[in-house]
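Undergrad: no FASTA, just this:
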């Protein structure tokens, strides 16, 4: 995306040729391909930019942008994706930084508009009040609505000189607007679903803490530590989410541990310890019933008590057999247990707990991860 100097010649519009070499069928196939790509995209930017570029190459527009309502009150519409040239005016810079106010006339008109609107000269319509000052001469605007018909976004494209939008341009803009609406509705639905899943998983972890009574705050603390490790190790958003969800549910199997064992004050005997260790298998069994949990989350739940040297439980895994997420989480889990007070022990000082973690490098913990963990904790404590 670039800015436009109003004094420069409008080469894009001069070069635009509505009678492009491609046949209508070929252009339709190309747009269909782009639409399929957009609908399969995991995020808004990845989905919108290809179709926006196609819009610019198939019309006289020099720039296009998608604005979406920010928050439930919809007082401002923020730029979520843009392509091409944008006006280099102070007003446009303010919109890019702070959004388009919901009370501008164009957005009020789009609230009731059933389809795209086209303005060949923004001077000539009260709907486009304010766009002249932005440096825009002609404009096309399409409402993006949710399944209830409520406006939550707007797709705009513009030129820097007055332009009468042709039939083909209107058709193409309408098809792109439909793609934008479908993509954003899908992504919004997925975001709401993930938010619900996230809340449910964290609630499960906190409910278990409430039953235990002696580890309140443990889930949030170890999750926060694990996420800092993920940041240090440049995890992708998907990898980070999987680690977070595994952290929420790491001890969920303790719901199957009898109160006499889970709530016992003092050390467990050998038989009780075997019962306690069974929480890992029980947790894995429970977690696999949650079909949306990724494998990396399940691995954290199943493997976070494994040890680098193979002496852990329940599977006796060692080294790289243990998933990276579980190796990361084991560090966070043990450290938090050491620095927390329990009925059978006092809380360790952070420096003593870190010394113990370092002493266990190559035995309990992945030796390559221990220095990273120490750095993360020192930064947190500092």
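TA: Yes, it's here. Fair warning: this is a prediction, and the values are worked out from it, not measured in the lab.
Undergrad: give me the helices and strands touching the longest helix seen in the chain, please.
TA: When the chain is parsed with DSSP state H, its longest helix is helix 167-212. Helices and strands in packing contact with helix 167-212 are listed as helix 24-40, helix 44-58, strand 63-69, strand 138-145, strand 151-159, helix 218-232, helix 237-248; criterion 3 or more C-beta pairs under 8 Å, 6 or more residues apart in numbering; DSSP states H and E. All C-beta atoms are positioned from the backbone trio N, CA, C, and that covers glycine.
Undergrad: centre of the chain to that helix, how far?
TA: 10 Å (C-alpha atoms, centre = their mean, to the nearest Å).
Undergrad: can the helices and strands packed on helix 167-212 go into JSON lines with extra columns for mean neighbour count?
TA: Shown next, in JSON lines, are the helices and strands packed on helix 167-212 (neighbours: other C-beta atoms under 10 Å):
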{"stretch": "helix 24-40", "mean neighbour count": "14"}
{"stretch": "helix 44-58", "mean neighbour count": "20"}
{"stretch": "strand 63-69", "mean neighbour count": "24"}
{"stretch": "strand 138-145", "mean neighbour count": "23"}
{"stretch": "strand 151-159", "mean neighbour count": "24"}
{"stretch": "helix 218-232", "mean neighbour count": "20"}
{"stretch": "helix 237-248", "mean neighbour count": "22"}
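Undergrad: tilt between the longest helix of the chain and strand 63-69?
TA: Counting by axes from the mean of the first three to the mean of the last three C-alpha atoms, to 10 degrees, helix 167-212 lies at 40 degrees to strand 63-69.
Undergrad: how far away is residue 239 from residue 368?
TA: Note on residue 239: its distance to residue 368, by C-beta to C-beta, to the nearest Å, is 17 Å.
Undergrad: residue contacts, the residue lying closest to residue 104 once chain neighbours are set aside?
TA: Counting by C-beta to C-beta, 6 or more residues apart in numbering, residue 130 is the residue found nearest to residue 104 once chain neighbours are left out, at 5.9 Å. The neighbours of residue 130, taking C-beta atoms under 8 Å, 6 or more residues apart in numbering as the test, are 91, 104, 105.
Undergrad: could you provide these in JSON lines, with additional columns for neighbour count?
TA: Shown next, in JSON lines, are these (neighbours: other C-beta under 10 Å):
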{"residue": "91", "neighbour count": "14"}
{"residue": "104", "neighbour count": "17"}
{"residue": "105", "neighbour count": "14"}
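Undergrad: which one of these is nearest to residue 195?
TA: Nearest to residue 195, judged by C-beta to C-beta, of these is residue 104 at 29.8 Å.
Undergrad: wait, that closest one sits on residue 126?
TA: No: counting by C-beta atoms under 8 Å, residue 104 sits too far from residue 126 to count as a contact (11.3 Å).
Undergrad: any regions of the stretch 101-250 of the chain where pLDDT drops low?
TA: Counting by pLDDT under 70, the low-confidence segments of the stretch 101-250 of the chain come to 210-216.
Undergrad: can you spell out the domain ranges of this protein, please?
TA: Annotated domains of the chain cover 2-7+16-189, 213-381 [automatic domain parsing].
Undergrad: before we move on, the earlier item: okay if I get the helices and strands packed on helix 167-212 as JSON lines plus distance to residue 342?
TA: Converted to JSON lines, the helices and strands packed on helix 167-212 look like this (distance: least, C-beta to C-beta, whole Å):
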{"stretch": "helix 24-40", "distance to residue 342": "49"}
{"stretch": "helix 44-58", "distance to residue 342": "46"}
{"stretch": "strand 63-69", "distance to residue 342": "48"}
{"stretch": "strand 138-145", "distance to residue 342": "54"}
{"stretch": "strand 151-159", "distance to residue 342": "49"}
{"stretch": "helix 218-232", "distance to residue 342": "11"}
{"stretch": "helix 237-248", "distance to residue 342": "20"}
